[in-house]
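*Asks:* Any chance you could fold what I've pasted below:
(one chain, ligands or ions: 1)
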Amino acid sequence: MTTVISKQRTQDESSHSPFVQSIHTLSHRAGDLPPGWRPVLHGALVALRAIDCPARAHIRLTSPRIADLSLDVGSTAPDASIDGILRRVRVRTACTCERCGRSGTLRHMDRKIQVMCAECAAPRLLQHWIRTFMQQMTDTVESNAPVTYRYDQLPFQLRPMIPAHAWSMTGGTCKGAPDASVSLFEMLVYQRRFEAVGDALECMITAADLE
Ligand SMILES: [Zn+2]
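*Replies:* Okay, the predicted model is just below:
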C-alpha cells in the first residue's frame, strides 16, 4: 500500500508543469535565504501559484540570486504578471531587513553592503568598530607610533565607550563637535572593557541569528 501511494505521488509530481516545478524548487531553496527575506519570497510563490495556467506552463523561474542589495529571481520568458511579482520581490527585499524582516535600509556593514534595520545593524556595527579600534591599539604598540582620534573622527558608536576623563580637551568646538582628542596608546588600559563589550555583542548577535 505504501509503495502504491509513493508511486502515485511521484507520478503527480512529475506531471507538474515546468512552471509549477520551478515554484517548488524555489520553495525548497527558501531556507538558504537570509531569514528576513524568506516571507517576501513565500508571498511571491503564493501569488505565482495563483496565476498558474496552461499558457504559463512552459515558463521556468530561475534560482534566486542573492545580491547584497536585494533578492533577484528571473524567469525564462517575458510575462507581465510574473515579471510584476518578481519585480515586487526585488523592490521589497531592497527595503526589508534581511535579518528580521522589519523595514530596513542599505548599510555599510564591515566590508559588505546589506539591507538592515537599525536594531539589527547597531550591535553589528559596534562590534565591527570595537574590533577595528582594538586592532589599531595593538598596531600602535607594535609600531610605537602615537595615534590620536579627534572627537569628530571617532565613529559615533564608539564615543560612549570612551571614559570622559580619557578625552584631552583642547578647548572650543570644531564644526559643532567638542574639540577633544583621544590617544589610542592611552586607551590600552581600557582594552579589557572593549573586549568584554565585544564578547557580549558576539553572544547577542549569535543568539539573534539562531532565533
Ligand atoms: Zn532587523
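*Asks:* contacting residues for the closest residue in space to L158 that isn't next to it in sequence?
*Replies:* Spatial nearest neighbour of L158, chain neighbours left out: W129 (5.1 Å); criterion: Cβ to Cβ, 6 or more residues apart in numbering. Every C-beta, even on glycine, is put in place using the N, C-alpha and C of the backbone. W129 sits next to P155, Q157, L158 when contact means Cβ atoms under 8 Å, 6 or more residues apart in numbering.
*Asks:* element containing W129, please.
*Replies:* Element membership for W129 (DSSP states H and E) is helix 118-143.
*Asks:* pLDDT on that helix, on average?
*Replies:* Helix 118-143 comes out with an average pLDDT of 90.
*Asks:* Buried ones in that helix, by neighbour count?
*Replies:* 120-121, 123-130, 133-134, 137, 140 (16 or more other Cβ atoms under 10 Å).
*Asks:* Which of those residues sits closest to M204?
*Replies:* P123 (5.6 Å; Cβ to Cβ).
*Asks:* who touches the closest one in this structure?
*Replies:* L201, M204, I205, A208 are the contacts of P123 under Cβ under 8 Å, 6+ apart.
*Asks:* For burial, what's the neighbour tally of the last one?
*Replies:* A total of 15 residues lie near A208 under the criterion other Cβ atoms under 10 Å.
*Asks:* got a list of what it touches?
*Replies:* Applying Cβ under 8 Å, 6+ apart, the residues near A208 are R99, C120, P123.
*Asks:* Considering only those, which also neighbour the ion?
*Replies:* R99, C120 (Cβ under 5 Å from the ion).
*Asks:* pretty sure A47 is touching L86, no?
*Replies:* No. Counting by Cβ atoms under 8 Å, L86 is not a contact partner of A47; they are 9.9 Å apart.
*Asks:* and the closest residue to P178 other than its chain neighbours, what pLDDT?
*Replies:* Nearest residue to P178 in three dimensions, chain neighbours excluded: Y151, at 5.0 Å (Cβ to Cβ, 6+ apart). As predicted, Y151 sits at a pLDDT of 87.
*Asks:* what's the spacing between Y151 and the ion?
*Replies:* Distance from Y151 to the ion, counting by Cβ to the ion, to the nearest Å: 29 Å.
*Asks:* Nearest to the ion among the contacts of A208?
*Replies:* Among the contacts of A208, C120 lies closest to the ion (Cβ to the ion), at 3.2 Å.
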